[in-house]
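S.K.: pasting the sequence and the predicted coordinates here, then a few questions.
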Amino acid sequence: MKKTIYKYLLLLGVLVVALLSLVGCGKELSQVNANSAKAEVSQSTQAPTGTMKVHVLDIGQGDAILLQIGDKFSMIDTGDIEHRPQVVALLKKYGVKELENVILTHPHADHIGGFYAIAKAIPIKHVYDNGIEIDSGTYRTYLKTIDTKQIHRETLHTGDRLDLGNGAYFEVYAPWKGEVMTDKKGEVHQNNNSIVGKLTFGKFSMLMTGDAEKEEEARLIKEQNTKMSSKILKVGHHGSNGSSQKDFIRSVRPEAAVISAGLHNSYGHPGEKAMARLLEEHVDIYRTDTMGTITIRTNGTDYDIQRER
């Protein structure tokens with residue numbers, strides 16, 4: 001009888017230990033699930049928050065694009081020397097008190113000329129360029145301004161990705177590190193070394209092209225092709241006939257295109273052939289010379305485009 005009771009007690013003890021082990025495993029499983037959920041929440045915080053506005057400023061024959069992401073501001077290009085008062089006035093109009101980032105696509109005056117006046121009027125944290133120098137007074141003023149104002153400077157190349165905050169980022173497709181595109185004379189082709197990249201905010205995207213012409217476009221098609229697909233295309237080189245080739249437009253597949261050019265400019269921008277190619281691909285065209293500042297507003301899902309006039 002005692003042996004029987006002892007066997008039952010022993011069996012009961014084994015069952016209790018097993019039960020406690022299962023409870024322990026349950027706790028460990030709960031912790032694993034909790035950690036997984038925490039990781040998912042952490043990833044979800046990378047989603048876009050608030051809204052983003054892209055203002056393609058009407059400053060004449062040049063490029064100056066203001067990015068308003070939440071309550072922070074960045075720029076892509078800054079217009080020409082003659083645009084300095086106008087650009088600064090527009091930034092103040094939009095309530096810009098500080099610029100987080102300024103991306104200068106290439107060192108031509110109509111893209112970097114406004115930098116000096118902007119830096120004098122508004123603090124700039126970071127500036128990014130393509131690292132290619134040019135022998136001009138405007139470029140030397142740019143370098144001196146960076147040094148005087150102690151602005152952090154970096155160069156951008158293919159594969160770089162710039163975090164603009166609130167889930168917005170700028171992915172760089174060109175230029176190429178250690179490589180420079182040249183013209184027929186073997187000299188640096190400034191336009192075709194423009195920083196080209198995609199601005200992304202949730203499901204919204206806009207391809208920024210600087211002054212890229214058909215040669216840079218051709219290489220981008222070969223290397224990136226449909227990765228460049230974007231809702232909106234900022235047309236290269238102010239809509240010149242040497243930009244926006246048909247194959248490039250088909251790679252980007254934009255719903256709308258924005259052209260920054262001066263009214264009655266001496267270059268004939270935008271060109272009739274470039275305009276025709278965009279229209280043939282059923283792309284809606286917005287242009288600063290006839291419509292004023294173009295503003296794109298998005299919540300990361302939907303977007304709308306507003307024209308000043």
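M.R.: Thanks, I have it.

S.K.: so what's the residue lying closest to residue 101 once chain neighbours are set aside up against?
M.R.: Spatial nearest neighbour of residue 101, excluding adjacent residues (C-beta to C-beta, 6 or more residues apart in numbering): residue 74 at 4.0 Å. (Each C-beta comes from the backbone N, C-alpha and C, glycine too.) With contact set as C-beta atoms under 8 Å, 6 or more residues apart in numbering, residue 74 has these partners: 66, 67, 99, 100, 101, 102, 103, 164.

S.K.: in strands, which of those residues appear?
M.R.: 66, 67, 99, 100, 101, 102, 103, 164 (DSSP state E).

S.K.: the closest residue to the third one other than its chain neighbours: how many residues sit nearby?
M.R.: I take that to be residue 99. For residue 99, ignoring the flanking residues on the chain, the nearest one in space by C-beta to C-beta, 6+ apart is residue 124 at 4.7 Å. Using other C-beta atoms under 10 Å, residue 124 is surrounded by 20 other residues.

S.K.: how near is residue 124 to residue 234?
M.R.: Note on residue 124: its distance to residue 234, by C-beta to C-beta, to the nearest Å, is 21 Å.

S.K.: again with residue 181
M.R.: Distance, residue 181 to residue 234, by C-beta to C-beta: 20 Å.

S.K.: which one's more surrounded, those two?
M.R.: Higher neighbour count among residue 181 and residue 234: residue 234, with 26 against 20, using other C-beta under 10 Å.

S.K.: what's across from that one in the sheet?
M.R.: As for beta bridges, residue 234 partners with residue 258 under DSSP bridges.

S.K.: tell me who's in contact with it.
M.R.: Neighbour list for residue 234: 56, 65, 206, 207, 208, 209, 257, 258, 260 [criterion: C-beta under 8 Å, 6+ apart].

S.K.: equivalent analysis for residue 65, please.
M.R.: 54, 55, 56, 57, 75, 76, 77, 208, 234, 260.

S.K.: just put these in JSON lines and tack on pLDDT and distance to residue 107.
M.R.: Output for these, formatted as JSON lines (pLDDT from 0 to 100; distance: C-beta to C-beta, whole Å):
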{"residue": "54", "pLDDT": "98", "distance to residue 107": "23"}
{"residue": "55", "pLDDT": "98", "distance to residue 107": "23"}
{"residue": "56", "pLDDT": "98", "distance to residue 107": "20"}
{"residue": "57", "pLDDT": "98", "distance to residue 107": "19"}
{"residue": "75", "pLDDT": "98", "distance to residue 107": "15"}
{"residue": "76", "pLDDT": "99", "distance to residue 107": "14"}
{"residue": "77", "pLDDT": "98", "distance to residue 107": "11"}
{"residue": "208", "pLDDT": "98", "distance to residue 107": "16"}
{"residue": "234", "pLDDT": "98", "distance to residue 107": "18"}
{"residue": "260", "pLDDT": "98", "distance to residue 107": "17"}
